[in-house]
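Q: Could you look at this predicted model? Sequence included:
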Amino acid sequence: MSDKPPQQAQSFQRRIPEDDDRERLVCDACGFIQYENPKIVVGSVVTCGEKLLLCRRAIEPREGYWTLPAGYMELHETPEQGAAREAWEEARAAIEIEQLLSIYSIPRISQVQMIFRARLPKPDFSAGPESREVALFSWDEIPWDEIAFPTVHWALHHWRQSREQEGFPPFINPEEGL
């Protein structure tokens, strides 16, 4: 049993705090502001030889569709560490990050996505708990009609556009994607 007294339930209301310009969740009791900020998604376009690694989602949203190994960045990790962790979690793939490929801003869902170029040194992978299956595809084999998200399309095309380049600036949302 704890020696600490039980904490009171706090009530938060949406309102514009003093000296602010937008609604926030504010505690009625103490005035604490609970900021709601965008989520950072990290992932990678992974190559193994001339093929690309894709994961068929086993979870919503877009269960059953193909995606890159990607997910939310965790506290206390770099974007590169997060992308490598996500590749391991979703595809049991030990990847080597090469460089930042793109940064996509998706304000309608409050996400910033950082996608890296990476390689899989040997074709050793299997489906993790969030994937139904994982496979390597040549460019012409990619199931384009079964891709989960527009950003996956963007990243794959940006990878293809830059695959022979090193040291390029990261790509951003294509004009038609804004």
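A: It's in.
Q: pLDDT score assigned to Ala9?
A: Note for Ala9: predicted pLDDT of 62.
Q: what does stretch 158-178 rub up against?
A: For stretch 158-178, contacts defined as CB atoms under 8 Å, 6 or more residues apart in numbering pick out 45, 47, 52, 99-106, 115, 117, 139, 150-151, 154. Glycine gets a C-beta too; all of them are placed from N, C-alpha and C.
Q: Please check those residues and keep the buried ones.
A: 45, 47, 52, 100-104, 106, 115, 117, 151, 154 (16 or more other CB atoms under 10 Å).
Q: about what we covered before: in strands, which of the contacts of stretch 158-178 fall?
A: Judged by DSSP state E, the contacts of stretch 158-178 include 45, 47, 52, 99-106, 115, 117 as members of strands.
Q: and of these, the nearest to Arg85?
A: Checking those against Arg85 with CB to CB, the nearest one is Ile115 at 14.6 Å.
Q: follow-up on the earlier one: CSV please, covering the ones in strands among the contacts of stretch 158-178 and showing distance to Glu90 and pLDDT.
A: Listed next are those as CSV, based on distance: CB to CB, whole Å; pLDDT from 0 to 100:
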residue, distance to Glu90, pLDDT
Val45, 14, 98
Thr47, 16, 98
Leu52, 14, 98
Gln99, 21, 97
Leu100, 19, 98
Leu101, 17, 98
Ser102, 19, 98
Ile103, 21, 98
Tyr104, 19, 98
Ser105, 23, 97
Ile106, 19, 96
Ile115, 14, 98
Arg117, 17, 98
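Q: and which of those is nearest Phe12?
A: Nearest to Phe12 among the ones in strands among the contacts of stretch 158-178, with distances taken as CB to CB, is Ile106, at 25.8 Å.
Q: so what's that closest one up against?
A: Val112, Gln113, Thr151, Asn173.
Q: can you do 10 Å?
A: Ile106 is in contact with Pro38, Lys39, Val41, Val112, Gln113, Phe149, Pro150, Thr151, Asn173, Gly177, Leu178, counting by CB atoms under 10 Å, 6 or more residues apart in numbering.
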